[in-house]
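Enquirer: following is a predicted model, sequence given first.
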Amino acid sequence: MNDLSIERQKINRKFSADGTTYTVSGELPSTLVFIHGVGMNAEVWQSQFNYFSGAYTVIAYDFLGHGDSPMPDENPTLDDYVGQLSRFCKELCLESFSLVGHSMGALISVAFALKYPDKASSLVAINIVYDRTQEDQCRILARAEQVLESGEIGNIEPTLKRWFAGKSSPEEEHKIIRINKWLKAVSPYGYGSAYRLFALSDKAFMNKLSQLQMPVLYLTGNDDPNSTPAMSKKMAELTPRGEFYSIAKEAHMMAYIAPKKVNKIIGAFLNKHSQRND
């Protein structure tokens, strides 16, 4: 048994009827649901569990093809990932909750909120992408197709350097090693299918953000070259109750590598729009 399997056994993981794996902490009235990005799994939110579990029921799950959840069907759509979340929430009897999604998880969160506006009471989209250039989309799509065709997730090191530029403390190095393990352990088909959608879905919300009536925070890092502050700022401007914040000296994996900064901002946003005192 490898180190990653041992780490996963330490966390109290549960399975829904369709095989979705998830972790839940607490039984409080207000609920937070966290959705990870491509190549990750629910464990990436451990710092958020520790921070928010005293005030909320905190739930994180593995989306299709990641962690221990089932694989997506052939040529999945974004709606397949939204459907997984919908079934999962229905089974857990979640009537209204706040969604926090990172990267691909942020795309799923926004798509879910558009389809089920009565379910998402507030939304935090972390390091989301929006209206990329054609060149950037083609580059990301080419990598996704390469993974699907080869059955291998290569070139991890450049990704880690982009995600964690300037991060070198012992604690940060330990976290980077764990991210590396997760990327090497994920199914190439699960990764490639989600990454392909990540490449194609940045324009899925064009002319639709005005439909989001719940409070939405678009949160990114100043040093994220792909999920840029300009993207998040534009989305906030197009969302009726949209807010924008970008964290200095942080990049794509900031929720994991710098949770103190990120959690404080998310917590302030949720408290500002909390329904607990209604």
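Expert: Cool, got the structure.
Enquirer: contacting residues for the residue nearest to E95 when sequence neighbours are not counted?
Expert: Leaving aside its chain neighbours, E95 sits nearest to K119 (7.4 Å; criterion: Cβ to Cβ, 6 or more residues apart in numbering). Backbone N, C-alpha and C define where each C-beta goes, glycine included. K119 makes contacts with C89, L94, E95, S96, F97, F112, A113, as judged by Cβ atoms under 8 Å, 6 or more residues apart in numbering.
Enquirer: over to Y189?
Expert: The neighbours of Y189, taking Cβ under 8 Å, 6+ apart as the test, are G65, M71, L148, G151.
Enquirer: packing partners of the host helix or strand of the third one?
Expert: Secondary-structure element containing L148, defined by DSSP states H and E: helix 134-150. Packed against helix 134-150, as judged by 3 or more Cβ pairs under 8 Å, 6 or more residues apart in numbering; DSSP states H and E, are the following elements: helix 188-200.
Enquirer: who's in contact with stretch 64-82?
Expert: In this structure, residues lying in contact with stretch 64-82 by Cβ under 8 Å, 6+ apart are 8, 13, 15, 18-21, 36, 38-43, 61-63, 84, 107-108, 111-112, 115, 186-187, 189-191, 193-194, 197, 201, 204.
Enquirer: so which of those are in helices?
Expert: For those, membership in helices holds for 8, 84, 107-108, 111-112, 115, 189-191, 193-194, 197, with DSSP state H as the criterion.
Enquirer: between the two ends of stretch 215-228, what distance do you get?
Expert: With Cα to Cα, to the nearest Å as the measure, the first residue of stretch 215-228 is 21 Å from its last.
Enquirer: run a quick neighbour tally on Y245.
Expert: Y245 is surrounded by 18 other residues when neighbours are defined as other Cβ atoms under 10 Å.
Enquirer: now it. Nearest residue, chain neighbours left out?
Expert: Using Cβ to Cβ, 6+ apart and skipping residues adjacent in sequence, the residue nearest Y245 is L219, 5.2 Å away.
Enquirer: which element is that neighbour on?
Expert: Take DSSP H and E as the rule and L219 turns out to sit in strand 216-221.
Enquirer: then L99?
Expert: Element membership of L99 [criterion: DSSP H and E] is strand 97-102.
Enquirer: quick one: strands adjacent to that strand?
Expert: Its sheet considered, strand 97-102 pairs with strand 31-35 (parallel), strand 120-126 (parallel) by DSSP bridges.
Enquirer: is it true that N41 touches Y61?
Expert: No: the pair formed by N41 and Y61 falls short of the contact definition of Cβ atoms under 8 Å, at 9.1 Å.
Enquirer: those two: which is more packed in?
Expert: Relative neighbour count places Y61 above the other of N41 and Y61, with 28 against 25, counting by other Cβ under 10 Å.
Enquirer: got the contact list for the more buried one?
Expert: The contact partners of Y61, taken as Cβ under 8 Å, 6+ apart, are S16, T20, T21, Y22, T23, V33, I35, A42, S69, L85, F88.
Enquirer: roughly how far does the closest residue to L99 other than its chain neighbours sit from I128?
Expert: Of all residues beyond its chain neighbours, the one nearest L99 is S109 (4.4 Å), with distances taken as Cβ to Cβ, 6+ apart. Note on S109: its distance to I128, by Cβ to Cβ, to the nearest Å, is 9 Å.
Enquirer: overlap in contacts of those two?
Expert: Overlap between the contact sets of S109 and I128, as judged by Cβ under 8 Å, 6+ apart, is given by G101.
Enquirer: quick one: the strands in the stretch 151-278 of the chain, in order.
Expert: 216-221, 242-247 (DSSP state E, counting those that start in this stretch).
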